[in-house]
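Undergrad: Structure of the sequence below:
(2 chains)
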Number of protein chains: 2
Amino acid sequence: DAKEEETGDGVRVPVVRLRIGEVAEATRVVVLPVCKAEEREREILEAPWECRTEGEFGVVAAEKGWKRWVVLPSWEPLVGLEKGGVVVAFADARALPWKANRWYKEEAILVVADRGRKEVNVDSGFYLMAVADNGDGRSGALKVERGSELKERGVGESLGTVVLVVRPPKEETDDQLNDEDWE
Amino acid sequence: DAKEEETGDGVRVPVVRLRIGEVAEATRVVVLPVCKAEEREREILEAPWECRTEGEFGVVAAEKGWKRWVVLPSWEPLVGLEKGGVVVAFADARALPWKANRWYKEEAILVVADRGRKEVNVDSGFYLMAVADNGDGRSGALKVERGSELKERGVGESLGTVVLVVRPPKEETDDQLNDEDWE
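TA: Residues are numbered from 1 along each chain as shown, chains lettered A, B, ... in the order given. Modelled structure (predicted):
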């Protein structure tokens, strides 16, 4: 199983490393619309809301056209995301509020969020946010923020609850190596 | 291996029955735009031409938005269809020019075609065509036709060369049963 929980600091969102060929070992797959982090909240608001799966071939029928899609194994956190689910592609993991390992500057990540759950109501939850203007030229950039910190600042609404963070497959599949060895 | 060649009558297009969970056992998958047969050639002309696969997560980036997509194992006939590839979803197999088995009225099929190869140049090839008006009210309906028959009628251009026909997964996966038993 590729799932890992980030330990330390009470992180609750599952972080998964996709394995080569894994979109595969699951008996079912999920197809979700992808937004580029550079497009900020614009694409998150525009991406199709509902993506039904039709018929015996599992054809995915979105309520509207979209250019960018990703296929993921039907991991448990992704169940139910036919409505409101969206994936944001980040060039690195600096958008995450924890920096557990060196990989955060080196690896692209996908953040999967549920736009149907915008309300910031769980301290230990993680939420997709557009950063407010703070004069550093990064206003509007997307970030993942902790529920507790958002609540402290009186922020009640997000772009969506983060349900999963996906890391890319390793080039080596040798399970004997840990992250440090591999890097 | 789920591939079967239809025998008899010189049929050269592979017919594949998708297995449950198979979008899966392949180490790679292919994502292709889907057109409804009822929409006739309109959607085939409109569907995105190029669907590149980007980055480590295999994000599919189409040149334009599209609503309907299917994920298939990266079977050999599908290689290279990032440009011009399209899938037509038929409610049954009556659009095929052979009627080898009873299933042709009972099973939905997907026909995968290469719009980059429109020219009718192989006798034993199969081509996706919009039926000419012949007064039976079905004009414009999509059909798969044999190269030899099209050439006899002087038809030089099709909507695309058919590279694969996909049948739906069986509900029973017991390989001991043949089609007849199962039906």
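Undergrad: what about A:His157, how many neighbours?
TA: If you look again at residue A:157, you'll see it is Glu, not His. By the measure other CB atoms under 10 Å in any protein chain shown, the count of residues near A:Glu157 is 11. In short, each C-beta sits where N, CA and C put it, glycine included.
Undergrad: Please report how far it lies from chain B.
TA: For A:Glu157, the distance to chain B (CB to the nearest CB, to the nearest Å) stands at 27 Å.
Undergrad: Chain A against chain B: which residues are in contact?
TA: Applying CB under 8 Å from any CB of the partner chain, we find that chain A lies next to chain B at A:18, A:20-21, A:23-29, A:31, A:34, A:48, A:55-71, A:89, A:108, A:110, A:166, A:168-169.
Undergrad: how about 6 Å then?
TA: Chain A comes close to chain B at residues A:21, A:23-24, A:27, A:29, A:34, A:56-57, A:59-62, A:65-71, A:110, A:168, as judged by CB under 6 Å from any CB of the partner chain.
Undergrad: What residues does whichever residue of chain A sits closest to chain B make contact with?
TA: Residue nearest to chain B within chain A: A:Gly65 (3.0 Å; CB to the nearest CB). For A:Gly65, the contact set (CB atoms under 6 Å, 6 or more residues apart in numbering or on different chains) comprises B:65-67.
Undergrad: Closest to chain A out of these?
TA: The closest of those, once distances to chain A are taken by CB to the nearest CB, is B:Gly65, at 3.0 Å.
Undergrad: how far is the helix or strand where that closest one lies from where the chain is centred?
TA: Assessed by DSSP states H and E, B:Gly65 sits inside strand B:59-73. Distance of strand B:59-73 from the chain centroid (CA atoms, centre = their mean, to the nearest Å) equals 16 Å.
Undergrad: Please apply the same query to stretch A:127-134.
TA: With CA atoms, centre = their mean, you get 16 Å for stretch A:127-134.
Undergrad: Can I get it in CSV? Just the C-alpha atoms.
TA: The C-alpha coordinates for stretch A:127-134 follow below in CSV (Å, rounded to 0.1, in the frame of the first residue of the first chain):
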residue,chain,number,x,y,z
TYR,A,127,-7.8,23.6,3.1
LEU,A,128,-7.0,24.9,-0.3
MET,A,129,-6.7,28.7,-0.2
ALA,A,130,-5.8,31.6,-2.4
VAL,A,131,-3.3,33.7,-0.4
ALA,A,132,-4.6,37.2,0.4
ASP,A,133,-2.7,40.2,-0.9
ASN,A,134,0.2,40.8,1.4
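Undergrad: So the residue nearest the centre of chain A, which state does it fall into?
TA: Centroid check for chain A by CA atoms, centre = their mean gives A:Val111 as the closest residue, at 1.4 Å. State at A:Val111, reduced to three classes by DSSP: H, G, I helix; E, B strand; the rest coil: strand.
Undergrad: how far away is the residue nearest to the residue of chain A closest to chain B when sequence neighbours are not counted from A:Arg115?
TA: Leaving aside its chain neighbours, A:Gly65 sits nearest to B:Gly65 (3.0 Å; criterion: CB to CB, 6 or more residues apart in numbering or on different chains). With distances taken as CB to CB, to the nearest Å, B:Gly65 is found 18 Å from A:Arg115.
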